[in-house]
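Novice: sequence first, predicted coordinates after that:
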Amino acid sequence: MIRKCAIDDVRTIIEIINDAAKAYRGAIPEDRWQEPYMSESYLTAELD
């Protein structure tokens, strides 16, 4: 089922994004890499 993401989903989404980024770290350009790859505040702002 596909549904709209909600603020309650932020922790799960962040975990998925950052785990995937770690798996693809060698493919992500170094100038784009940061730890964590996506912050909770950035994702929250994107969902608003």
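Specialist: Right, received. Where do you want to start? Residues are numbered from 1 along each chain as shown.

Novice: okay, buried residues for stretch 28-45 please.
Specialist: For stretch 28-45, the neighbour count (16 or more other CB atoms under 10 Å) marks Tyr37, Met38, Leu43 as buried. For every residue, glycine as well, the C-beta is placed using N, CA and C.

Novice: which neighbouring elements make contact with whichever helix or strand Val10 is part of?
Specialist: Assigned by DSSP states H and E, Val10 falls within helix 10-23. When contacts are defined as 3 or more CB pairs under 8 Å, 6 or more residues apart in numbering; DSSP states H and E, helix 10-23 sits against helix 40-47.

Novice: what's the closest non-adjacent residue to the residue most central in space within the chain?
Specialist: Centroid-nearest residue in the chain: Ile17, 3.5 Å away (criterion: CA atoms, centre = their mean). Distances taken as CB to CB, 6 or more residues apart in numbering place Met38 nearest to Ile17, at 4.8 Å, with adjacent residues excluded.

Novice: any idea how far that neighbour is from Lys22?
Specialist: With distances taken as CB to CB, to the nearest Å, Met38 is found 12 Å from Lys22.

Novice: same thing with Ile13?
Specialist: Distance from Ile13 to Lys22, by CB to CB: 15 Å.
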